[in-house]
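In: Just to be clear, the model below is a prediction. Sequence and coordinates:
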Amino acid sequence: AGRVVDVFALDGSGRVGQLLARCRGASAAVTRVDWLLSGAAIRANTRAHELLHWDPTTGKARGDPYLDEGTGLTSWASGHCTLRFETMGIWQDGANASSVKAVASSNDPARSLLVTADTSSRVRLYNSPCVVEDAPCAGPYMGHASHVEDVVFAAGDTRVVSAGGADRTVMVWKVVPAPGAGAVTTGSSAAP
């Protein structure tokens with residue numbers, strides 16, 4: 001269960017309609033899904049740490065659209081897949097693919113920032129794309145008493161919202177820009 005992505009049509013009122021495609025091939029449960037802005041592809045991560053791509057009209061597996069169409073790094077709708085080219089540098093020394101629970105890209109057109117949530121109760125902020133090993137980050141920011149389940153940028157990218165797991169806490173963090181365009185700073189702080 002949970003190893004397929006079903007694509008449905010929506011009727012005029014936004015209700016789910018006919019099944020258009022069933023995307024198969026995941027070896028474990030799908031954990032994250034994202035759409036190419038053009039609608040020409042879907043990407044997903046699984047519990048087996050796979051990055052998969054499908055054609056949403058047929059459900060057939062396909063290559064990474066970035067590689068074969070030059071779509072660019074900002075062409076995905078949400079940026080919530082943890083395993084992708086732009087996130088190669090987010091894993092700290094000794095971490096494994098399960099250590100990062102969630103990733104979110106900023107909402108600006110360039111998707112210039114990434115924020116991560118991890119199993120060590122920490123939130124980190126990176127420049128994007130983050131493709132170098134041991135990439136510099138702002139943080140780690142601590143406040144959660146257990147692992148952080150999810151993280152997202154609020155509209156305008158001036159705040160980050162993180163949701164804890166066992167501590168059942170939602171935190172709002174203020175994003176403080178560094179001097180210079182889009183650079184990560186260590187000056188971000190928790191906000192009331």
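Out: Perfect, I can see it now. From a predicted model like this one, the values you see are computed outputs, not experimental measurements.
In: low-confidence ranges in this protein?
Out: Counting by pLDDT under 70, the chain shows low-confidence ranges at 1, 66-74, 179-192.
In: Tell me how far the residue nearest to the spatial centre of the chain lies from residue 54.
Out: Centre of the chain computed as the mean C-alpha position; nearest residue by Cα atoms, centre = their mean is residue 80, 2.0 Å away. The spacing between residue 80 and residue 54, counted by Cβ to Cβ, to the nearest Å, is 16 Å. (Each C-beta comes from the backbone N, C-alpha and C, glycine too.)
In: circling back to that earlier point, so which helix or strand takes in the spatially closest residue to the residue nearest to the centre of the chain that is not a sequence neighbour?
Out: Spatially, and ignoring its direct neighbours in sequence, residue 80 is nearest to residue 32 (5.3 Å; Cβ to Cβ, 6 or more residues apart in numbering). Secondary-structure element containing residue 32, defined by DSSP states H and E: strand 30-35.
In: So which other helices or strands are in contact with the helix or strand following that strand?
Out: As assigned by DSSP H and E, the chain's next helix or strand after strand 30-35 is strand 42-46. Where contact means 3 or more Cβ pairs under 8 Å, 6 or more residues apart in numbering; DSSP states H and E, strand 42-46 is packed against strand 5-10, strand 30-35, strand 51-54.
In: Report the distance from stretch 80-94 to the chain centre.
Out: Taking Cα atoms, centre = their mean, to the nearest Å, the mean C-alpha location of stretch 80-94 is offset from the chain mean by 9 Å.
In: before we move on, back to that, need the helices and strands packed on strand 42-46 in CSV (columns: distance to residue 122 and mean neighbour count).
Out: Below are the helices and strands packed on strand 42-46 laid out as CSV (distance: least, Cβ to Cβ, whole Å; neighbours: other Cβ atoms under 10 Å):
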stretch, distance to residue 122, mean neighbour count
strand 5-10, 30, 14
strand 30-35, 19, 18
strand 51-54, 23, 21
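In: Could you export these as a markdown table, including distance to residue 157?
Out: Output for the helices and strands packed on strand 42-46, formatted as a markdown table (distance: least, Cβ to Cβ, whole Å):
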| stretch | distance to residue 157 |
| --- | --- |
| strand 5-10 | 28 |
| strand 30-35 | 18 |
| strand 51-54 | 25 |
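In: Of all the ones you listed, which one comes closest to residue 100?
Out: strand 30-35 (11.2 Å; Cβ to Cβ).
In: What would the closest one look like as PDB? C-alpha coordinates only.
Out: Extracted C-alpha coordinates of strand 30-35, given in PDB (Å, rounded to 0.1, in the frame of the first residue of the first chain):
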ATOM      1  CA  VAL A  30       5.700   7.200  -1.400                       C
ATOM      2  CA  THR A  31       6.500  10.000   1.100                       C
ATOM      3  CA  ARG A  32       6.600  13.200  -1.000                       C
ATOM      4  CA  VAL A  33       5.200  14.200  -4.400                       C
ATOM      5  CA  ASP A  34       5.900  17.200  -6.600                       C
ATOM      6  CA  TRP A  35       4.700  18.400 -10.000                       C
END
